[in-house]
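**Q** sequence first, then the predicted structure:
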Amino acid sequence: MVLQTPEAANHLTAQERAQVRAPADSEGNERMQRSLGGSAAKAAWAAIKKAGPAAYNGAKNAAGKGAQGLKNWAKNLSWKDPLRRTIGQLPIAALEEPVKYLLG
């Protein structure tokens, strides 16, 4: 975080640092984080569907073990596979929604 760098820490008062942090700590930021997580989940779901039936079936089997199972499945794909790059880089929380789609 920028506020933790020596340059910023030496030039800002405690009150100024609090003013800079306020927007990041607000409820709006939480909504933004949920929105970004939802976008990532939708991108993962779209990538699974686009990859074809074999990938879909593999993802569905992995989803039976939860979000961590889906992430592990993606990490075991070829390094060239776009699903590995799409799903393997997402946090577990973002994979909960695609798991629901796969199991639902």
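**A** Structure's in. What do you need?
**Q** and Ala63, how many neighbours does it have?
**A** Neighbours of Ala63 under the rule other Cβ atoms under 10 Å: 21. In short, each C-beta sits where N, CA and C put it, glycine included.
**Q** quick one: it and Val99 touch, right?
**A** Yes: between Ala63 and Val99 a contact is recorded at 4.5 Å, counting by Cβ atoms under 8 Å.
**Q** which residue is the nearest non-sequential neighbour of Lys75?
**A** Closest residue in space to Lys75, ignoring its immediate chain neighbours: Gly88 at 4.8 Å, by Cβ to Cβ, 6 or more residues apart in numbering.
**Q** could you measure from the nearest residue to Leu102 once chain neighbours are set aside over to Ala93?
**A** Among residues not flanking Leu102 along the chain, Ala63 sits closest, at 3.9 Å (Cβ to Cβ, 6+ apart). Distance, Ala63 to Ala93, using Cβ to Cβ, to the nearest Å: 15 Å.
**Q** chain neighbours aside, what residue packs nearest to Lys71?
**A** Leu95 (5.9 Å).
**Q** what sits against the one you found?
**A** Leu95 sits next to Ala41, Ala44, Ala67, Leu70, Lys71, Ile87 when contact means Cβ atoms under 8 Å, 6 or more residues apart in numbering.
**Q** pull up the per-residue confidence for the fifth one.
**A** The reference is to Lys71. With respect to pLDDT, Lys71 has a value of 92.
**Q** wait, it sits on Ile92?
**A** Yes: because the distance of 6.4 Å satisfies Cβ under 8 Å, Lys71 is recorded as touching Ile92.
**Q** looking at these two, which is more packed in?
**A** Each of Lys71 and Ile92 has its neighbours counted (other Cβ under 10 Å); Lys71 has more, 21 against 12.
**Q** for the more buried one, what are its contacts?
**A** Lys71 makes contact with Ile87, Gly88, Leu90, Ile92, Leu95, according to Cβ under 8 Å, 6+ apart.
**Q** quick one: secondary structure of Lys65?
**A** Of the three states, Lys65 takes coil under DSSP: H, G, I helix; E, B strand; the rest coil.
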